[in-house]
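In: No sequence on hand, only this structure:
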């Protein structure tokens, strides 16, 4: 930018995008100063390097704004957890599935964690069937990413929404 440009001549692009051709660097700096703007090297690898006359502060400001807008539109997929137990009542399970359905509709993954306490660990087959039935009931908006697997005193299954294309 400005005095940091050390080459003898540059290809100069004007304020409105017009091409001034190959110009000595000193003359390009004078043109930029007369306009009250900066001389910015936009393609340093070209022969000769391409420089543009612009308001560098405004350029950086607009670039930052564009990045912020792009970040706003980006949706982060989160993994939401729903914990259940093997002896859960049907109504309680319906409430948990309703919550999971809302998470899936928002575009998030849902991890169902079946917790076993004490002697409940003997009900692993029943728990697996319960998790698979949950997946079956939510199959209209999701699919199984990770089938029910036992990890110590818990069994985990992960569902992903269909609309995200996963």
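Out: That came through fine. In this text the structure is predicted, and so the values were computed from the model without any measurement.

In: Stretch 28-39: how far from the chain's middle?
Out: How far stretch 28-39 lies from its chain's middle: 39 Å, per Cα atoms, centre = their mean, to the nearest Å.

In: average pLDDT across the top helix by length along the chain?
Out: In the chain, with assignment by DSSP state H, the single longest helix is helix 56-73. Taken as a whole, helix 56-73 carries a mean pLDDT of 88.

In: Stretch 129-142 now?
Out: On average, stretch 129-142 scores 94.

In: Now do the buried residues in it.
Out: 130, 131, 134, 135, 138, 142 (16 or more other Cβ atoms under 10 Å). Placement of C-beta: from N, CA and C, glycine included.

In: so how far is the longest helix of the chain off the chain centroid?
Out: Distance, centroid of helix 56-73 to centroid of chain: 17 Å (Cα atoms, centre = their mean).

In: and what of stretch 42-56?
Out: Centre-to-centre, stretch 42-56 and its host chain are 31 Å apart (Cα atoms, centre = their mean).

In: distance between the ends of it?
Out: 11 Å (Cα to Cα, to the nearest Å).

In: do stretch 108-126 as well
Out: 27 Å.

In: domains in this protein, as residue ranges please.
Out: 2-71, 79-161 (automatic domain parsing).

In: one step back: so which of the buried residues of stretch 129-142 are in helices?
Out: Using DSSP H, the buried residues of stretch 129-142 in helices are 130, 131, 134, 135.

In: Same list (those residues) but as JSON lines, adding distance to residue 123.
Out: JSON lines is the format used below for these (distance: Cβ to Cβ, whole Å):
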{"residue": "130", "distance to residue 123": "9"}
{"residue": "131", "distance to residue 123": "12"}
{"residue": "134", "distance to residue 123": "15"}
{"residue": "135", "distance to residue 123": "18"}
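
In: between the residues you listed, which is closest to residue 32?
Out: residue 135 (64.1 Å; Cβ to Cβ).

In: which residues in this protein form strands?
Out: 9-13, 19-24, 38-43, 50-54, 79-84, 109-115, 142-151, 154-161 (DSSP state E).

In: For this structure, which residues score under the pLDDT cut-off?
Out: Flagging of the chain using pLDDT under 70 yields the residue ranges 164-166.

In: how long is stretch 45-54 from one end to the other?
Out: 19 Å.

In: With stretch 67-82 instead?
Out: One end of stretch 67-82 sits 34 Å from the other (Cα to Cα).
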